[in-house]
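Q: A structural model of the following input is requested.
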Amino acid sequence: MHDAVRRTRLSISQVCLLILTILAVFYTLRIAAEIVLPMVMAVVTNLMLVSPVRLVTHWLRLPKTIVALLLILALFGLVVAVGMAVSVPAAGWLASLPQDIAAAQAKLSILRGPMQLIESTNYRVQNLLSVAAGDHAPQTPLAPLTAGVAPIGSALLLGTRAFVGQLFTFFIMLFFLLAQGDSLLRRFVEIMPTFNDKRRAVQIASRIERNISVYLATITMMNMFVGIANFIQCWLVGIPNPLLWGVVAFALNYIPIIGPFTGIVLYFFVGLLTFPFVMHALAAPTIYLCIHLLEGETITPMLLARRFTLNPVLVMGSLMFWDWMWGITGAFLSVPMLAVLKIVCDHVDSLTPIGHIIGGPGHLHLSPDHRHPMYPPHEHDL
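A: The predicted structure follows:
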């Protein structure tokens, strides 16, 4: 009896210690975001680029350090070129954002009556609730939408310096991972006790690396397709600065559901400012939606197959959690990190159940004797 109680207390203390450790780790990740975030981005990008670097090194017979350096310089040049191309129009849009919102509201005057009715009803309900609670002071109406818009541009500009520092850390870390990352795996294999363990570790690492590289490269290529397609449609429809909105569509497509929805709203807003009629402004967001449906529901599932699908509930949970942890950058990384976790779990025997849970919805295969009441029998079982 005493042994059972002692074991129960020990297990409870171990669970509590594990919970405290997890909380401490996440707290540290949030506090040290300026250091950890670019390192995580470098690790994820390295998983996508390590296989191409290895192939180029083999084909050209060049040292891996040289290939990694050339790739980093090319990637840095691409980021700088795109940043310089879109920074000026983006700054112009941010500077005129309050006036643009007022102009958009004027074009949506057909909705002004219902919106004023909703605001008036909300104001009256607040007053009734305050009187019922004993507070006789009337509630002030809600501030107009444009009141809180002005600080947006200044807040983004204040974060530019920190962003440049994190970008520099990202490229430095990515270079060393591409140039010397294999040495970490080699050292890990060397500590394995037997030759069979070493061979299995190399095989598992190779499969994980290949699958992660295929997944991340495919997602990036599809996002580039979305960006280029939206650049072309903005140019054809007549929206100014089509390159800016193509880059916005490319970046937002990394964020599931919320990203494309945000893009549709942005395109509609830009259309309101560009065209005189509301129906004309709906052209760009409608084409954006069609492009997203074509990519997200047809092309990407066909290329990745079912083994790379993710559970939508866990995708949204990961999105909200990492957005809370690291802001917009965490939202961009949420799905790639969840996919990396699933691929790793799928290739490690002890973690296979976790990978199965993270995976997307599939058919439940149960014998007739073990069917749950919520799952009706299939036709071939009747």
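
Q: host element of Gly77?
A: Following DSSP states H and E, one finds Gly77 within helix 64-95.

Q: What residues of stretch 180-198 count as buried?
A: Buried residues in stretch 180-198, counting neighbours by 16 or more other CB atoms under 10 Å, are found at Gly181. (Each C-beta comes from the backbone N, C-alpha and C, glycine too.)

Q: cool, and stretch 321-339?
A: Neighbour counts over stretch 321-339 (16+ other CB under 10 Å) mark 322-323, 325-326, 329-339 as buried.

Q: Low-confidence regions, the stretch 151-300 of the chain specifically.
A: By pLDDT under 70, the low-scoring segments of the stretch 151-300 of the chain are 151-162.

Q: now with 80?
A: Where the stretch 151-300 of the chain drops to pLDDT under 80, the residues are 151-165, 181-182, 184-185, 197, 208, 278.

Q: that older thread, which parts of the helix holding Gly77 are buried?
A: Under the neighbour-count rule (16+ other CB under 10 Å), helix 64-95 has 64, 67-68, 71-72, 75-76, 86, 90, 93-94 buried.

Q: circling back to that earlier point, so which of the buried residues of stretch 321-339 belong to strands?
A: When the buried residues of stretch 321-339 are checked against strands (DSSP state E), there are no matches.

Q: Filter the residues you listed down to the ones in helices?
A: Secondary structure assignment by DSSP state H places 322-323, 325-326, 329-339 of the buried residues of stretch 321-339 in helices.

Q: Looking at these, which is nearest Arg207?
A: Distance to Arg207 across these (CB to CB) is lowest for Ala339, with 14.7 Å.

Q: Quick check: that closest one touching Val214?
A: No: contact between Ala339 and Val214 fails when scored by CB atoms under 8 Å: they sit 10.7 Å apart.

Q: which neighbours do those two share?
A: Residues touching both Ala339 and Val214 (CB atoms under 8 Å, 6 or more residues apart in numbering): none.

Q: coming back round to it: in terms of secondary structure, what does the helix holding Gly77 contact?
A: Applying 3 or more CB pairs under 8 Å, 6 or more residues apart in numbering; DSSP states H and E, one finds that helix 64-95 contacts helix 33-60, helix 150-158, helix 160-190, helix 242-252.

Q: Quick check: what element follows the third one along the chain?
A: By that I understand helix 160-190. Going down the chain from helix 160-190, the next helix or strand is helix 195-237, by DSSP H and E.

Q: what angle separates that next one from helix 242-252?
A: Put simply, helix 195-237 runs at 150 degrees to helix 242-252, going by axes from the mean of the first three to the mean of the last three CA atoms, to 10 degrees.

Q: Closest one of the ones in helices among the buried residues of stretch 321-339 to Val36?
A: Nearest to Val36 among those: Trp326, at 8.4 Å, using CB to CB.

Q: Over to Pro193: give its phi and psi.
A: Here is the backbone geometry of Pro193 (degrees, to the nearest 10): phi -70, psi -40.

Q: coming back round to it: so which of the helices and strands packed on helix 64-95 is the most packed in?
A: For these, the largest average neighbour count (mean count of other CB atoms under 10 Å) is found in helix 242-252, namely a mean of 21.

Q: Following the chain past it, name the next helix or strand.
A: Next helix or strand after helix 242-252 toward the C-terminus (DSSP H and E): helix 258-274.

Q: mind exporting that next one as PDB, just the C-alpha atoms?
A: Written as PDB, here are the backbone C-alpha positions of helix 258-274 (Å, rounded to 0.1, in the frame of the first residue of the first chain):
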ATOM      1  CA  ILE A 258      -6.400  33.700 -42.300                       C
ATOM      2  CA  GLY A 259      -3.700  34.700 -44.800                       C
ATOM      3  CA  PRO A 260      -5.800  34.300 -48.000                       C
ATOM      4  CA  PHE A 261      -8.800  35.900 -46.300                       C
ATOM      5  CA  THR A 262      -6.600  38.900 -45.300                       C
ATOM      6  CA  GLY A 263      -5.400  39.100 -48.900                       C
ATOM      7  CA  ILE A 264      -8.900  39.100 -50.300                       C
ATOM      8  CA  VAL A 265      -9.900  42.000 -48.000                       C
ATOM      9  CA  LEU A 266      -6.700  43.900 -48.900                       C
ATOM     10  CA  TYR A 267      -7.400  43.400 -52.600                       C
ATOM     11  CA  PHE A 268     -11.000  44.600 -52.200                       C
ATOM     12  CA  PHE A 269      -9.800  47.700 -50.300                       C
ATOM     13  CA  VAL A 270      -7.200  48.500 -53.000                       C
ATOM     14  CA  GLY A 271      -9.900  48.000 -55.600                       C
ATOM     15  CA  LEU A 272     -12.200  50.500 -53.900                       C
ATOM     16  CA  LEU A 273      -9.400  53.100 -54.000                       C
ATOM     17  CA  THR A 274      -8.500  52.400 -57.600                       C
END
